[in-house]
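Chemist: Predicted model follows, preceded by the sequence.
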Amino acid sequence: MSTKKSNTAGWNWFLQRATGVALVVLLGFHFAVEHFIVGAHHITAENTVERITYGVIEGDHVLGQISINMPAFLYQATAILLLAFSIYHGMYGVYNILMEQDGLKKYRAQLKYFFIVFSIVLFIQGILIFLAFFEPFWEIYDPR
Amino acid sequence: MSKERRVESYDRGRIEDLGRAKDWAIHKPGMWAFYLHRFTGLVLSFYLVMHLGVLGTGFWLGHEEYTVILQGLESLYIVRVLEIGLFAAFVFHALNGIRIVMFDMTVGLDIQEQLFYLSIALSFAIVLAGVPFFLL
């Protein structure tokens, strides 16, 4: 048996802070793109493909006509990181709030595994959404 | 976290709990910051799950359905207004989160109340500036 003291809680605490700081930037960027440049009611599958596959952000909303050509991999990286960080930060945060309720403490193990599995399901769903608008994949997969 | 961690709380009974409701009046700003951070965090987490559910139509149903569903939702005025609420939750949670990280680094501890008021004021300003983007 290892004599080293487990420091999982310390790591989780640190990751909650680190992902939080990153999310200020990533989610800020997400709002800027989807709501401020494109405008949520102008979002279509077509322009989502342009953003996800080619990194092309185009919009004609309150700020007028804007067109930004980002390196595709950079836009894709922000999307995947936003997905991973928001799920981790959100689910760990909710788990922590539940764990502070005295009545739920006896279900700690079950809740932990529920949140781990649920987070993985959310992440997979997010990746599938990403792939749906990633043209090389969709050209092969598209069920129609 | 060790499993034998002791929790110093006990059941005070319904009547005493109700009596403690008046404690709200004496909550310090830091306590409000704590509750608001939790509330906005729960809102954002709930939205994240719904968001991935709705966007999933892009994969599970196809591109045309995705566009129809998104634009259908966006045509509802209530959705636009709720999005402002979502934006407000994000802005406050982010600003107050920065405040918390500052405290972790022992920065600004002696002006923590002022920093809470600042995060509220900045949130109002940013959200107000953002309103046209959601409604127009």
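Modeler: Structure's in. What do you need?

Chemist: For the rest of this, base every contact and every neighbour count on C-alpha atoms.
Modeler: Will do.

Chemist: so who does the most centrally placed residue in chain A touch?
Modeler: For chain A, residue A:83 is the residue whose C-alpha lies nearest the centre (C-alpha atoms, centre = their mean; 1.4 Å). Residues in contact with residue A:83 (C-alpha atoms under 8 Å, 6 or more residues apart in numbering or on different chains) are A:123, A:126.

Chemist: what does chain B have sitting close to chain A?
Modeler: Proximity of chain B to chain A (C-alpha under 8 Å from any C-alpha of the partner chain) is limited to residues B:1, B:38, B:41-42, B:44-45, B:48-49, B:52, B:55-56, B:58-59, B:62-64, B:66-67, B:70-71, B:74-75, B:94, B:97-98, B:101, B:132-134, B:136.

Chemist: neighbours of residue A:12, just the number please.
Modeler: When neighbours are defined as other C-alpha atoms under 10 Å in any protein chain shown, residue A:12 has 14 of them.

Chemist: same question, residue A:84
Modeler: Number of residues near residue A:84 (other C-alpha under 10 Å) recorded here: 19.

Chemist: tell me which element the closest residue to it other than its chain neighbours falls in.
Modeler: Excluding the flanking residues, the one nearest residue A:84 by C-alpha to C-alpha, 6 or more residues apart in numbering or on different chains is residue A:123, at 6.6 Å. Element membership of residue A:123, judged by DSSP states H and E, is helix A:108-132.

Chemist: and that helix, how far from the chain's centre?
Modeler: Remark: helix A:108-132 is offset 11 Å from the chain centroid, using C-alpha atoms, centre = their mean, to the nearest Å.

Chemist: do stretch A:128-144 as well
Modeler: In terms of C-alpha atoms, centre = their mean, the centre of stretch A:128-144 is found 19 Å from the chain centre.

Chemist: Does chain B have contacts with it?
Modeler: Yes. With C-alpha under 8 Å from any C-alpha as the criterion, chain B is reached by stretch A:128-144 at A:128-129, A:131-133, A:142-143.

Chemist: I'd guess residue A:68 is in a helix, am I close?
Modeler: No. Per DSSP: H, G, I helix; E, B strand; the rest coil, residue A:68 lies outside any helix segment and is strand.

Chemist: Measure how buried the closest residue to it other than its chain neighbours is and give me the count.
Modeler: The shortest distance from residue A:68 to any non-neighbouring residue, by C-alpha to C-alpha, 6+ apart, is to residue A:57 (5.0 Å). By other C-alpha under 10 Å, 20 other residues sit near residue A:57.

Chemist: Let me see the contact set for the closest residue to residue A:22 other than its chain neighbours.
Modeler: Spatially, and ignoring its direct neighbours in sequence, residue A:22 is nearest to residue A:85 (7.9 Å; C-alpha to C-alpha, 6+ apart). Taking C-alpha under 8 Å, 6+ apart, we find residue A:85 in contact with A:19-20, A:22-23.
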